[in-house]
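>>> Build me a model:
(2 chains)
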Amino acid sequence: MHPRTKFLLGGAVVLGAAGVLMTGAIKDTGVYFLMPAELQAKVAADPTLVGTGVKVGARVVPGTVNRDPSGRQVSFEMTDGAATYPVVYRGIIPDTFSDSVEVVVEGRLDSSGTFQATTLLAKCASRYEEAPEGYEAMRKAYEGGAAAPHDLPAPAPSGDTPR
Amino acid sequence: MILVGELSLWIALLMGLWAITTSFAGGALQRQDLIRSGERGLYAAAGFVGLASLGLWSALLSSDFSLRYVASYTSANLPVVYKISAFWGGQSGSMLFWCLILAIYGAAATFTNRKSSRALMPWVTGTNAAVLLFFVAATAIATNPFERLDWVPPDGRGLNPQLQNPAMAIHPPMLYLGYVATSIPFAFAIAALVTRRLDAEWLGAVRKWSLISWVFLTLGIVLGMWWAYVELGWGGYWMWDPVENASLLPWLTGTAFLHSIMIQEKRGMLRKWNVVLVVSTFLLSILGTFITRSGVIQSVHSFAQSNIGMWFAVFLVAALVVTAWLVTLRLKDLEAKAELEAMISREAAFLYNNLVLVGIAFSVLWGTLFPILSEWVRGSKITVGESFFNTVNVPLGLLLLLLTGIGPLIAWRRASVANIQRQFAVPAFIGIVAAGALMALGVRGFYPLMAWGLSAFVAGTIAQEFQKGIGARMRMHGENIVLAFINLVSRNRRRYGGYIVHAGIGLLFAAFAGMAFKQEHDVTLADGESFTTRDPFGAEWTFTSEGISNFKALNRDVVAIALRPSRNGESMPVLTSEKRQHFDSRNNPTFQPSTEVGILTMGRQDVYLVLAGTIGDRAEIRINFTPLVAWVWIGGILMAVGGLVVMWPQAERARQGGYVTELKPQHAEAANV
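Just a heads-up that it's a prediction; the model follows:
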């Protein structure tokens, strides 16, 4: 056999194996990434989804955060404006988590409709970027002597955030 | 200075436009005056981008809060070093920073190659100017760092405390220096395609710039890992986040290119493939930027969504279409000059190395884009996690590690049985013995054993090469061992620099495998209480709480826990971890709290302490044992050092063309007479 053919065959084997690994891994580890409203719709259409692992991207409803002082448990409500779910998370709470951030939680919905999260990722709006109306908020804060800008409620998420 | 800065940005835009027009016209019409004018245009554009950058820096340093950018990312009490680094702390500043590097690189590429590659240069200069023009336009129009506020706040919001870390002051510039350098090889590829000069000429300059890019990307990625490890408090350094993946992708294709380019140099093969790799590396660095800044993929550390994503999408498509069209036009000119002769040869080993690197890049890209792809195809967004990337990439990575040992030692064209025996008998023996010894010591787990066995194999090949080379010099030139080592490396920089890089790769893989034995303990301790456990190496550790302290520091409130560890009864340095809440000058809390982890670094493992929270006098802590972490940093540094050795210009002209090609007797080869 020509070496070039041999190489192509070998290459096909390597890439084929990688492909098989990839499809297998996606099947085993891929989870739905949903917004609360999408989760609601999915569960309504297929109640067996309760108990299945999903990822949800949402915004924390200000004022609903209930932190355990241990730093190991937190409950809050998450929303995308259309649907709202209570969330319970156990584990180390990331520093970036606060009252009005966007979060990504991974876990499952229990039968009572509470989202039991095993992973909590918080995306801090001010980490790289100010909130869109950050200045108006800051101005008000300074002029009115009120709370610091980042304590002000964040904007209601638009339909397509977080993606 | 702000006015000067903003004006300079717009003038740079015009200069870029001028440089494109005159360079391309000069190249097409063969008019030297136009070509020179284009070059000067690019220099001028670089100068004005530099002036714009100085403008922003002066605003940052003088805390001119009338600029939105300055007010967003700095505060009056921010240390100067972070005022400087705030330049790349946010969207628009980092865009300007990108422009600055691009402009300097473009001007440097024109200046250093304008005589040696005359025929290519107008096209190189024009392409560089075009890329620069895009970035300057995107910066000035979509995200202008000089945007004024209609009201001047008394103080800025300050820089996020997690970015107030020395690594964050240097990690982004390193990555940017790496990312941006991919555009110069791209410009050379375009020039070579346009002029049909697709032989060795363009490869010389491309190789140099690819190396620059590779070294900076390597440093940037490793520094990013280090920052994540010391600052984010989860005890790891890589989580396959889209933004991390974005930096890995061009590194992978760039690495593939630096290998396959040797095959083109030696054998005239892989000519199409090399063009594809150069272009892909550039496009992947743009794609990475797009992923980071557009918000199309949910990432923990994306920049905020903005219309800048659209700019990148359009640019990406345009660059893809132009290069695809150019490559199609030149397919005939890109025919290979030689063919693969045998499966057991250096060519084949390098081909497999390329296949594996590109395979890894593809799987990483696939996993990263999967949420978008699945949404397009099936209407529902599906994400994959760390386990996807590990499942796919651990086996591929081990294959790559094996090839790291084989590639540099196997003969070109066709390896004989004698060649293979001579080169690989000892290293293979070392690898098997190492894996066997670890197994005998009670180490279990297929992947870690493979990783360590293969790392030992790679180390064996490299040690053998150095031993042969040094021995030959000592015999032939009567040099002592140190001198022989120095001469050996400095006279064969490409070859031995490459070995140093490979040694770094071996170390990295060995260190990665250590994470398989990571331990996590969640513990609650009151003052005086202690916790006892065994580390992955079997030693007994006791951690005694010295209590929680609350205190005020310069601009923050701090809660700290101190732990006194002892190992097998022997007392170790005290570990502390802090939760910090920063305040602004009006005593308002800024940002979220941040955690300072406590790390005890030792050769074989780190002890890693995180304060999660406190209830009264009880501290909730996490104690991790993370084996071999220090070797990740050492391996990364070794890789960068090796890259620098390869890159360092060789003084004498009579340098050998890189890797030795023919099977000369070993002594003559190593002595390089």
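>>> Any figure for the gap between residue B:140 and residue B:5?
11 Å (Cβ to Cβ, to the nearest Å). From N, CA and C alone the C-beta is placed, and that goes for glycine too.
>>> Also residue B:197?
In this structure, residue B:197 and residue B:5 are 40 Å apart, going by Cβ to Cβ.
>>> which residues does the residue in chain A that chain B sits nearest to contact?
Nearest residue of chain A to chain B (Cβ to the nearest Cβ) works out as residue A:71 at 2.1 Å. Contacts were defined as Cβ atoms under 8 Å, 6 or more residues apart in numbering or on different chains; by that measure residue A:71 touches A:92-93, B:611-614, B:620.
>>> Residue 51: what's it in contact with?
Using chain A here. Applying Cβ under 8 Å, 6+ apart to residue A:51 gives the contacts A:108-111.
>>> think we crossed wires, I meant chain B
The contact partners of residue B:51, taken as Cβ under 8 Å, 6+ apart, are B:4-5, B:8.
>>> How about residue B:169?
With contact taken as Cβ under 8 Å, 6+ apart, residue B:169 is in contact with B:81-82, B:84-85.
>>> name the element it belongs to?
Assigned by DSSP states H and E, residue B:169 falls within helix B:166-181.
>>> what are the ranges of the strands in the stretch 251-400 of chain B?
Ranges of strands within the stretch 251-400 of chain B are B:382-383, based on DSSP state E, counting those that start in this stretch.
>>> Tell me where the model's unsure across it.
Scanning the stretch 251-400 of chain B with the threshold set as pLDDT under 70 gives B:295-306.
>>> Equivalent analysis for chain A, please.
Across chain A, the ranges flagged by pLDDT under 70 are A:1, A:124-163.
>>> max-length helix in it?
Secondary structure of chain A read by DSSP state H shows that its longest helix is helix A:3-29.
>>> ok now that helix, how far from the chain's centre?
Mean-position distance between helix A:3-29 and its chain equals 32 Å (Cα atoms, centre = their mean, to the nearest Å).
>>> same check, this time on stretch A:19-35
Stretch A:19-35 has its average C-alpha position 17 Å from the chain's average C-alpha position, going by Cα atoms, centre = their mean.
>>> Mind listing what's buried along it?
Going by neighbour count (16 or more other Cβ atoms under 10 Å in any protein chain shown), the buried part of stretch A:19-35 is A:19, A:21-22, A:25-26, A:29-35.
>>> Show residues contacting that stretch.
Counting by Cβ under 8 Å, 6+ apart, stretch A:19-35 makes contact with A:42, A:52-58, A:80, A:82-83, A:106, B:298, B:363, B:366-367, B:370-371, B:374, B:380-385, B:387-388, B:391-392, B:395, all of which sit outside it.
>>> filter those to the buried ones?
In the contacts of stretch A:19-35, the ones that pass as buried (16+ other Cβ under 10 Å) are A:42, A:54-58, A:80, A:83, A:106, B:298, B:363, B:366-367, B:370-371, B:374, B:381-385, B:388, B:391-392, B:395.
>>> How about the contacts made by the most centrally placed residue in chain B?
When chain B is reduced to its mean C-alpha position, the closest residue under Cα atoms, centre = their mean turns out to be residue B:217, at 2.5 Å. Contact partners of residue B:217, counting by Cβ under 8 Å, 6+ apart, are B:174-175, B:178-179, B:247, B:250-251, B:254.
>>> In chain B, where is pLDDT below threshold?
Using pLDDT under 70, chain B drops low at B:295-306, B:584-586, B:590-591, B:651-673.
>>> Just the helices from the stretch 401-550 of chain B, written as ranges.
Counting by DSSP state H, counting those that start in this stretch, the stretch 401-550 of chain B has these helices, from start to end: B:417-440, B:446-477, B:481-491, B:493-514.
>>> Which positions in the first one come out as buried?
For helix B:417-440, the neighbour count (16+ other Cβ under 10 Å) marks B:419-420, B:423-424, B:426-428, B:430-431, B:434-435, B:438 as buried.
>>> Dump the residues you listed to a markdown table, plus distance to residue B:100.
What follows is these, written out as a markdown table (distance: Cβ to Cβ, whole Å):
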| residue | distance to residue B:100 |
| --- | --- |
| B:419 | 50 |
| B:420 | 50 |
| B:423 | 47 |
| B:424 | 48 |
| B:426 | 50 |
| B:427 | 45 |
| B:428 | 49 |
| B:430 | 47 |
| B:431 | 46 |
| B:434 | 47 |
| B:435 | 49 |
| B:438 | 49 |
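>>> could the residues you listed be laid out in JSON lines, adding distance to chain A?
Output for the buried residues of helix B:417-440, formatted as JSON lines (distance: Cβ to the nearest Cβ, whole Å):
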{"residue": "B:419", "distance to chain A": "17"}
{"residue": "B:420", "distance to chain A": "16"}
{"residue": "B:423", "distance to chain A": "20"}
{"residue": "B:424", "distance to chain A": "19"}
{"residue": "B:426", "distance to chain A": "26"}
{"residue": "B:427", "distance to chain A": "22"}
{"residue": "B:428", "distance to chain A": "20"}
{"residue": "B:430", "distance to chain A": "26"}
{"residue": "B:431", "distance to chain A": "21"}
{"residue": "B:434", "distance to chain A": "25"}
{"residue": "B:435", "distance to chain A": "22"}
{"residue": "B:438", "distance to chain A": "25"}
